[in-house]
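K.L.:
Take this sequence and fold it.
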Amino acid sequence: MDESRRERFERVAPGLVEPLRRFLARRTDAATADDVLAETLLVCWRRVEELPDEPLPWAYAVARNCLRNAERAARRQERVAARLAAEPADPGPPGPPEDTALDDALARLRPDDAELLRLWAWEQLTPAEIATVLDITANAASIRLHRAREKLKDQLRKIGAAAGHDGSREGRRP
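P.N.:
Next up is the predicted model:
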């Protein structure tokens, strides 16, 4: 660490703290004022070489900008909270299935294959999104998903359950 930089900040910062605290206290609530003061001092530290000989007005400008950023962030949070409040409640995980054949078939698969299928079916993720979750390529996710679906179909056939439309004879003549 450059000692002259540190010395300059240690010399200037004590004279900035209280005026900045009062400046912010007149403009926002106490918690936000403390957060913005910390952010302002961090900017002063990072840009200590740019501090003018009379640093207080410059620091007020930095504090004002940091306060605007905090207010924008608070407005974003309020909009997100309002959007979430307007959405219907999450029904949670699926309840016990009426047909346990699927659970039995999933239990017979490798855990990685079962998780891949759950991400695809329950969470309705695309192969590209599954790739992000599993930290693999989209191509690998697509291939693994195809293989896992085939393994699930085989397991369902083995335990005597119909796998989707594969078990249906609709529209076919023997």
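
K.L.:
Buried ones in the biggest helix by length in the chain, by neighbour count?
P.N.:
Assignment by DSSP state H gives helix 55-86 as the longest helix of the chain. Neighbour counts over helix 55-86 (16 or more other CB atoms under 10 Å) mark Pro55, Trp58, Ala59, Tyr60, Val62, Ala63, Cys66, Leu67, Ala70 as buried. The way it works is simple: take the backbone N, C-alpha and C, and place the C-beta from them, glycine included.

K.L.:
counting contacts, what elements does it pack onto?
P.N.:
helix 3-25, helix 30-46 (3 or more CB pairs under 8 Å, 6 or more residues apart in numbering; DSSP states H and E).

K.L.:
What separation do you get for Asp76 and Val62?
P.N.:
Small correction: residue 76 is Arg, not Asp. Counting by CB to CB, to the nearest Å, the separation of Arg76 from Val62 is 21 Å.

K.L.:
Secondary structure element holding the residue nearest in space to the middle of the chain?
P.N.:
The geometric centre of the chain, computed from its C-alpha atoms, lies nearest to Val133 (CA atoms, centre = their mean), at 11.9 Å. Assessed by DSSP states H and E, Val133 sits inside helix 127-134.

K.L.:
which residues touch that helix?
P.N.:
Contact partners of helix 127-134, identified using CB atoms under 8 Å, 6 or more residues apart in numbering, comprise Leu116, Leu119, Trp120, Leu125, Thr137, Ala138, Ala140, Ala141, Ser142, Leu145.

K.L.:
Could I get the CA-only coordinates of it as CSV?
P.N.:
Below are the C-alpha coordinates for helix 127-134, written out as CSV (Å, rounded to 0.1, in the frame of the first residue of the first chain):
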residue,chain,number,x,y,z
PRO,A,127,-31.5,-27.5,-21.6
ALA,A,128,-29.6,-24.2,-21.7
GLU,A,129,-30.9,-23.2,-18.3
ILE,A,130,-30.2,-26.7,-16.9
ALA,A,131,-26.7,-26.3,-18.2
THR,A,132,-26.3,-23.2,-16.2
VAL,A,133,-27.6,-24.9,-13.0
LEU,A,134,-25.3,-27.9,-13.5
